[in-house]
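>>> Please work out how this folds:
(chains A, B, C, D, E, F and G, ligands or ions: 2)
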Amino acid sequence: MIEWVTLATMLILVLALVLTAVRLVLGPSLADRVVALELIALIAVGIIIVYAVQVDRAAFLDVALVLALTAFMAAVGFARFLERGGSGDNE
Amino acid sequence: MNPEVALPVVIPFLFGSLSIVLYKSNAAQRWLGVIGTGALLIASIVLLHNTYTHPDGVLTIALGDWEAPFGIVLVSDLLGAVMVLMAALMGFAVAIYSLATMGSEHEKFGYYPLLHLLLSGVCGAFLTGDIFNLYVWVEVLLVASFALLILGGERAQMEGAIKYVTLNLLSSIMLLTAVGLTYGMTGTLNMADLVGRFAELENQGLVTVVAMLYMVAFSIKAAAFPLFFWLPASYHTPPVAISALFAGLLTKVGVYALFRFFSLLFTQDTGYTHEILLWIGGFTMVTGVLGAARYYEIRRILSFHIVSQIGYMFMGLALFTPLALAGGIYFIVHNIVAKSNLFLIGGVIYFLRGSHELKEVGGLWRERPWLGIMFLASALSLAGIPPLSGFIGKYMLIRAGVEAESWGIVAVALGVGMLTLYSMVKIWAEAFWKEQPEAHAERAAQFERTVSERSLAIMYLPIALLAILAVLLGVGMQPVYEVLMAAAEQMRDPQIYVDAVLGGDE
Amino acid sequence: MSETLTAIIMLAGALLVLIGALGAVRMPDLLLRMHATTKAGALGTGMIAIAAAIYFVDTAVTVRALAIVAFVILTAPVAAHMIGRAGYFTGAPLWDRTLKDELRQRLDRHGHYLHSGLEDTDDTPRGDRDSQ
Amino acid sequence: MEPLMAFVVGGMFAASIYMMLRRSLVKLVIGLILLSNAANLLIFTVSGMHRGLPPLIAEGALLPEGGWADPLPQALILTAIVIGFGVLAFAVVLIHRAYEVVKEDDLDKMRSTDT
Amino acid sequence: MNAMDSLILRTATRFLLPLLLIFSLFVLLRGHDEPGGGFIAGLVAAVAFSLYLFAFDASGTRRLMWMDPRPMLGWGLFIATLSGLPALFQGKAFFTALWWPVHVPGIGSVTLSTPLVFDIGVYMVVIGSVMAIVLALAEAEE
Amino acid sequence: MRLFIWNILLGFVWVTLTGNFTGSGFLAGFIFGYVVLVFVCRVSGSMTGYTRKIPQVIGFTLFYIWELILSNMRVAYEVLTPSHGMRPGVIGLPLDARSDAAITILANLISMTPGTLSIDVSSDNRMLFIHAMHIDDEDALRADLKDLERRVIELLS
Amino acid sequence: MLLAVLSGFIVCLLAPWLTRSLGDRANWVLALAPAALFVYFLGWVPEIAQGEAITVHYPWIPGLEINMSFLVDGLSLLFALLISGIGTFIIIYAGGYLHGDHRLPRFYAIMFAFMGSMLGLVLSDNIITMFVFWELTSITSYLLIGFHHEDRNVRWLALQGLIVTVGGGLALMAGLLMLAVAAGGEFTLSGILAADGIHEYPFFIGMLLAILFGTFTKSAQVPFHFWLPNAMAAPTPVSAFLHSATMVKAGVYLMARLNPALGESELWFYMLGIFGALTMLTGSIMALRSTGVKAILAYTTIMALGTLTMLIGIGTEGAIIAAMTFLLAHALYKAALFMLAGALDHETGTKDVTKMGGLRKLMPITFIAACVAALSLAGLPPLFGFIAKELMFEAVLEAEALTTFLAILAVLSAIMIVTMAAVFALRPFLGERKETPKTPHEAPLSMLIGPVILATLSLIFGLAGFIPAAALVQSAVGAVYGEPIAVELYLWHGFNLPLMMSIAAVVLGLVLFWKWDAVLALFKRLTFIDRFGAERGYERFMDAIVAVAEWQTRLLQNGSMSNYLITIVLTIVGLTGWTLLVHTDTPIPLGVLDFNVYEAVIAALVVAGALFASVTSSRLGAVATLGIVGFGIALIYVLFSAPDLGTTQIMVETLTVILLVLVLFRLPGFINYSAPATRIRDAVVALSLGGLMTLLILAVNDVTVTDPISDTLVEWSEPEGHGRNIVNVILVDFRALDTLGEIFVIGLAAIGVYAMIRFRAEDKAK
Ligand code: NA
Ligand code: NA
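Residues are numbered from 1 along each chain as shown, chains lettered A, B, ... in the order given. Ligands and ions are numbered 1, 2, ... in the order given. Below you'll find the predicted structure:
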């Protein structure tokens, strides 16, 4: 069972990934893109975990752990960028 | 196990990292600079001596005691050892020259560590027997050169650096790609191991395809036609000691790699590959020297000349006879000495006159005859005037060309020789023979006042050393010839290298 | 049993994530999108991690999965706060049906000062108390 | 997967070169980053791709269970990623400084050192 | 304006920083057996310090780091290079790994080794380098 | 005292990460944690107000998770249905919470709960600005938020 | 022998010091060196006169067949004696001429270096060593011609001489190497002269042309003659030495030397005969147009060089005898005349004969010496020049072909030479005294001793032709001809056609002298010669080089990064792609398409992200999309069993974003700098590289590797490497050197970045 469950989960997550990527492309503002990027990072965490289950290798969880810990740094960075006067809108 | 093979890498690593640790003391960095490069020079002399006297003519060290082809092995054959010696020599000369010319700001922001680490990258590239490790060394020296190139932060440096960085990165990535493809085809990274594995491949054409990728990647590094753009765009922008170092070493790594790869690994279709190299060589000679003919700025002239001279090295490799290969190596050696020295002399001219523009300087033959003589020794050597070093190189190559009946390249090489002389004489006539132009006399006098005789003497020291070497390499050629012919014979017989690396040399 | 539980939680988490993604696409302005992505994304991912913990039945793995959950839930609101405020301050437009905005007029962009509007009501200003 | 990746890598190479040709400093550096990634993926692809076989050895075992994906290209790519990071960090700051000095994003307006 | 002046970020940073740092040590020490290693650990630590930088300011981050990034990277390089030398005294080639099994409470029977020293060098270099870059940029901005 | 709790906490983190649930494992974690704290506190000074009561922490965590689930259902509803029903707005919530920790926890909690998202705290830390999906009934919303604030303050007192 | 040849260089090193310490008398002391050499070479005469040829061998670079081998036979000894003998007088003369010049030490040094080179050239047996000296004469003469280098024009003229002679020298080098190959790997002249089969060398014609290109340029044959008169910019002692007796004769020497080996070909005859004769005529005509004392002599030198070339080309016994006789005669009178011209110039301050007059009273010795030397130049009895000219006429009439053509040219030039000899010897001295910039009086002893002795020798050799014949000419002729020939030289050799030609030449020449002013005016109007002359050709050539250089640099190094990138990319695609298409036989197989949907979607997102980043006009959009690409790649790494890579990719991606946002906000947004056509071009270029990479991957993917080295590493990892994360064991142990290099890269980048940011910041602070 776990095979089709992981596969289904994977497909759902990938669908979510595509949708979020659409938002990232559409923008319109930088903040929108960053929001999308953050979600992509979270989805990536999910995908990695599902994959670890799928192939029955817990070692991959470590990757998810690192991603979960550091992904928000991108958001902080972009936020800093915006607050420092970087232009957030489409140029 | 021959620990001396690793020393040319380890010594600059140690001194380089120590210099970083002691970044607050300029004095300590200067001392480390001279001692470190001096130690490297000694180590490289020892290395060449041991390599030459070894019955196989090849020394190896398997790092970490992981036997080849599984770990990384450093290999010193005669080609590699000679190149290391030249790198060390240049490093030492430039380190001394820098004592008098490098501003304290440059020292403070890492000039000496960068110098050491550039040398380590160069030496590593010359010694490694592993293609991926070669990529790493190339990156080490490249990033060191990036940092050296921008040291000072002037506009020209930035503009030049962008081209330098971009195009060199493109080349590195091509190299990395080629390494990846090689591993994908053979499952090994060790050069000696590759010789056999390439030969076993069914699809020999694919080997040639990958060879092309290496050729382009290294040709960019070597600044060959039509891939040299980064060099004339950037080499004239940093302080002259750095230009000299670059001129002497960087492109030579690309050339060396071509020599290594196209004598050891890619000899299955020389009729195709080496013919292409020959064409590249010819065009490189011509375009480089024409570029030099155009300019009136000493460093720009010299920069374009680097390109031109690279063409001769290609010619040596492409003709692929023992004499031609020896001639090619000799050309590298000679060029390192003569070209770098010209840059150093250009630096002295700058310190005495405040300009690199030929139209703004003059009167040096009257005032500084010794400088003139040292210039002549280097410039005429570069132009291939006998009995200086450049002549012997040209002679070997032309002779090889005549023997191979490659008339086109012989004609080009000769014609380019004349144009080389033309532009060297241009510098001589303008900077040395011409009187100091009145319009710029004031600045010149101002600059000359700020140069103490002591620092001038320090500058003269490496210049004289290299000038004497330029003469000696020509006049006292016989022992050099023997080493180089032995190196060329090694290159013609890859089995020597393969046996030394894989045969468990203990 | 644990497989079924894994399946349920995992699928639910994934669906939650999908909802977050849908929200990211569908919602009309930045802040509204963030309502979707922050909550659904974080919780969905957290659930997937928990599903994995159940699946592997191994303390080390469980701890790791819980660590993932903790990190996600710790960092997601911080990230949301940072982006939200940066996007808001730099003028990301609000949905035209937004009813009120009590923040806009309190922002002194040049001094990067955000007024509370309560400055006069308290005699113990605490502006710098946390900057040791 | 490898044939598919061949096209992915090809597409990345194309995208990065196209980007670098846009004359803009920023695009140049982003193009370089992409290019570096593309090369890494290329190595990953040509040395064979395997699912679920990380080159990790369980405690007490001598070999990874069930086979392994080739660890050597992974080590190479890791080195290449790190090197790429260093180099690109330099490049990023370089364009930043170049822009400050030249006040120009258009690469074709930076010709003073050539001509 | 030397910080983003976000109370929330600052407070969260105070909380996350120790976690990130201890996580980086963890990744460093077990890298030989599980995913991780000096490089990744160094990056995690660098991310931690960058977070602190974003939440607070450059001078505070410098104080936090205990050692100036430049000598830190210098020492890292020096240590990493030195780790290759002891083998010479045993008549082996450079970078031949040497192992000294030691029982360390908490991690169990850990072997101290030159690769570990090497990895620590890597760790220092990565932190030093990344922070030298990031701090210099941030300070230039300020 | 706070630092000591922190140290214990880091010891736990270590133990859980290494999966080595032994006394010596905890000791190692404690030592590493101590090192990190010495390192961090040289600069940060004291760590201001953090949790003291473990049970309360656990209880609160459960509450938080519950809120999360609720929040997600609400969001799911909004995402999956046409969006015309939303009445969003930004409101300012005057704060009784005083400590940084309390304010931060409150803000993050609000971000994670139904239909609300913390944007920022005023520069004098006395007003929290919140974006809400529905401000049709603003008073009820404010009441909910104040209730949450009370819980947080209690937890940290 | 070696010492003798190298003595020039040894004295060169000592000369500056000697000059400074000896002061005014330095020239007399320094002249002892060439004088001693002269005596030394004189000592060889008896032996060589017997027809002996002696070779001496000192190894230098034996591996490259470059050795200090010397060949002493009649030819080389004749030259060695001329060089050392005339050299002696020149050194003495220079002391007077350049009296008080502070650069005299340098002058002597270069002069001795030149003398040494010249001796080396003529004495070398090894062709490469000879070439070494050959080039050294070019360089040293360059330095000598440019002695008055403050003058822009002088620098230009010196360069001209250098370019022409070195340019020719390069061709010569190729020719000599071909000759060595043709002679079966023989690098000594003696060996080459003895070798068989040179004429069968398939590239004989090319070889010959290359060698002749070298000798023609050096010996100022048409059309390379122009540099020689221009080289008169040199101080007169230099002109007297280089351009009369020595350097310009190097080409003649080499042709004479190789005559036995190459002379039998028709091409040799026609090349030398025609170009020699034309040079002879051109020299005479140019001389007739000149008014400068040195210019007149320079052009007559060209005439002489043409004559010699022509004679060697004719190559009969008589021609060779004539050539060697003429060579000796010319050296004697021309050196004398040049020194006298210098005396005139030195004393009057002008070089223009039309501005001189009536000097016979003030400078009687000069006058007499000039008359004697000029008589020899004109080829009048009883001087040695007469014998030479008669022999020349005789040889021309004997020529195998082109007889009439050569004879007419010979007589024409003889007429004009007579005229100019008269102009030189009579114009300045006879007639009314004219005002000159300086007040003339007799030149000092040092400047007269040379011309007087040399003029006297011209007379003695003319009257007693047996002396030179026996001592020098016969053995030289033997060397050039290749076998011994008996030579007898007499003033009177019967009333024959040559004598009649001589008489006609003298009569017509004197008529021309009588009408010289009119002739001069007429010739001066013939400016087309300047317009179309070879010198214009040289200038055009040099201009063309600069123009081509400009054009090429504009084309290639034009500063446009796009052009650079496109060129490089197209080179990669061209070379690699072409090889892929042509050198691999089968169509490249696609391989097994085996992938999951989600993998494909992630892969597609990576490409889509990359493509979007490359086309979007939003800078930050591009950066953010870079995030997708980065995460996507990380996922691919993870999905295909590389957890460490995934982690690293994520961390690096995060830090890259941090860096970008720290840096980017100062930069402007994207502006579209390119037109649609440009974008299409760029897209094509980009896709070509992408396509190439795809094909490469597919091709390599088709290769199956059976035993990668990594299998061994996996086996070693736990037992030998003490680690269970194999990637990490590789990184810190198996391939620690890579990792060490890698961290040095990181450290270096940090140092560079730090310097970039801070260096200028502190600049500003100052
Ligand atoms: Na060079
Ligand atoms: Na393969």
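
>>> Alongside chain E, which residues does the stretch 1-150 of chain B contribute?
Within the stretch 1-150 of chain B, the positions near chain E by Cβ under 8 Å from any Cβ of the partner chain are B:1, B:3, B:6, B:10, B:13-14, B:16-23, B:61-65, B:113. Glycine gets a C-beta too; all of them are placed from N, C-alpha and C.

>>> mind running it again at 6 Å?
The interface of the stretch 1-150 of chain B toward chain E, taken as Cβ under 6 Å from any Cβ of the partner chain, is made up of B:1, B:6, B:13-14, B:17, B:20-21, B:23, B:61-65.

>>> downstream neighbour of the helix or strand containing B:N133 in the secondary structure list?
Per DSSP states H and E: B:N133 is located in helix B:131-150. Downstream of helix B:131-150, the first helix or strand assigned by DSSP H and E is helix B:155-186.

>>> need the next SSE after that following helix, C-terminal direction.
helix B:191-200.

>>> Indicate whether that next one makes contact with ligand 2.
No: Helix B:191-200 lies apart from ligand 2 when judged by Cβ under 5 Å from the ion; the minimum separation is 12.3 Å.

>>> Quick one: the helices in chain D, in order.
Ranges of helices in chain D, per DSSP state H, are D:2-20, D:25-46, D:71-102.

>>> For D:M19, see how far away D:V29 is.
9 Å (Cβ to Cβ, to the nearest Å).

>>> and the residues of the stretch 1-150 of chain B next to chain E as CSV, adding secondary structure and distance to B:T51?
Shown next, in CSV, are the residues of the stretch 1-150 of chain B next to chain E (DSSP: H, G, I helix; E, B strand; the rest coil; distance: Cβ to Cβ, whole Å):
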residue, secondary structure, distance to B:T51
B:M1, coil, 15
B:A6, coil, 13
B:F13, helix, 21
B:L14, helix, 22
B:S17, helix, 27
B:I20, helix, 31
B:V21, helix, 33
B:Y23, coil, 35
B:I61, strand, 12
B:A62, strand, 16
B:L63, helix, 18
B:G64, helix, 22
B:D65, helix, 21
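
>>> could you flag which of these are buried?
Among the residues of the stretch 1-150 of chain B next to chain E, those classed as buried by neighbour count (16 or more other Cβ atoms under 10 Å in any protein chain shown) are B:1, B:6, B:13-14, B:17, B:20-21, B:23, B:61-65.

>>> rewinding a little: identify, from the residues of the stretch 1-150 of chain B next to chain E, the entry nearest to chain D.
Checking those against chain D with Cβ to the nearest Cβ, the nearest one is B:G64 at 13.6 Å.

>>> By mean pLDDT, flag the weakest helix or strand of chain E.
One helix or strand of chain E scores below all others by mean pLDDT, DSSP states H and E: strand E:108-113, with a mean of 70.

>>> Now the element after that strand, going C-ward?
helix E:114-141.

>>> Could you check how far the residue nearest to E:G121 when sequence neighbours are not counted is from G:A455?
Nearest residue to E:G121, sequence neighbours excluded (Cβ to Cβ, 6 or more residues apart in numbering or on different chains): E:A80, at 2.9 Å. Using Cβ to Cβ, E:A80 is found at 84 Å from G:A455.

>>> The residue nearest to E:G121: which element?
Using DSSP H and E, E:A80 falls in helix E:69-82.

>>> Any chance you could list what contacts that helix?
Helix E:69-82 is contacted by residues B:13-14, B:17, B:20-21, B:23, E:118, E:121, E:124-125, E:128-129, E:131-132, G:740, G:747, G:750 when judged by Cβ atoms under 6 Å, 6 or more residues apart in numbering or on different chains.

>>> where does chain E dip in pLDDT?
In the prediction, chain E carries residues with pLDDT under 70 at positions E:1-4, E:104-111.

>>> Contact residues of it facing chain F?
Proximity of chain E to chain F, by Cβ under 6 Å from any Cβ, involves residues E:7-8, E:11, E:14, E:17-18, E:21-22, E:25-26, E:60, E:63-64, E:105-107.

>>> same thing but 8 Å
By Cβ under 8 Å from any Cβ, the residues of chain E that approach chain F are E:5-8, E:10-12, E:14-15, E:17-19, E:21-23, E:25-26, E:30, E:60, E:63-64, E:66, E:104-108.

>>> tell me what the longest helix anywhere in chain F is packed against?
In chain F, with assignment by DSSP H, the single longest helix is helix F:54-80. Contacts defined by 3 or more Cβ pairs under 8 Å, 6 or more residues apart in numbering or on different chains; DSSP states H and E place helix F:54-80 against helix C:2-26, helix C:30-36, helix C:42-56, helix F:100-112, helix F:138-156.

>>> May I see the buried residues of the helix or strand just after that helix?
Going down the chain from helix F:54-80, the next helix or strand is strand F:89-94, by DSSP H and E. Judged by neighbour count using 16+ other Cβ under 10 Å, the buried positions of strand F:89-94 are F:G89, F:V90, F:I91, F:G92, F:L93.

>>> near chain B, which of the residues you listed show up?
When Cβ under 8 Å from any Cβ is applied, no member of these is adjacent to chain B.

>>> So which of these is the closest to chain B?
Distances from chain B to these, taken by Cβ to the nearest Cβ, are shortest for F:V90, at 44.7 Å.

>>> Show the contacting residues for the closest one.
Applying Cβ atoms under 8 Å, 6 or more residues apart in numbering or on different chains to F:V90 gives the contacts C:88, C:94, C:98, C:100-104, F:119, F:129-132.

>>> And those residues, which two are furthest apart?
Pairwise distances across the contacts of F:V90 peak at 15.3 Å for C:R104 and F:A132 (criterion: Cβ to Cβ).

>>> Relative to G:D73, how far out is the nearest residue to G:A486 once chain neighbours are set aside?
Leaving aside its sequence neighbours, G:A486 sits nearest to G:Q474 (Cβ to Cβ, 6+ apart; 6.8 Å). G:Q474 sits 12 Å away from G:D73, taking Cβ to Cβ as the criterion.

>>> To what extent is the residue of chain D found nearest chain F buried, counted in neighbours?
Evaluated by Cβ to the nearest Cβ, chain D has D:E59 as its residue closest to chain F, separated by 11.0 Å. A count of nearby residues for D:E59, using other Cβ atoms under 10 Å in any protein chain shown, gives 8.

>>> Just confirm D:I43 contacts D:I81, I think it does.
No: taking contacts as Cβ atoms under 8 Å, D:I43 lies outside contact range of D:I81: 10.5 Å.

>>> Lowest-confidence entry in the buried ones among the residues of the stretch 1-150 of chain B next to chain E?
The lowest pLDDT within those belongs to B:M1, which sits at 72.

>>> Kindly provide the distance from that residue to D:Y18.
Separation of B:M1 from D:Y18 (Cβ to Cβ): 50 Å.
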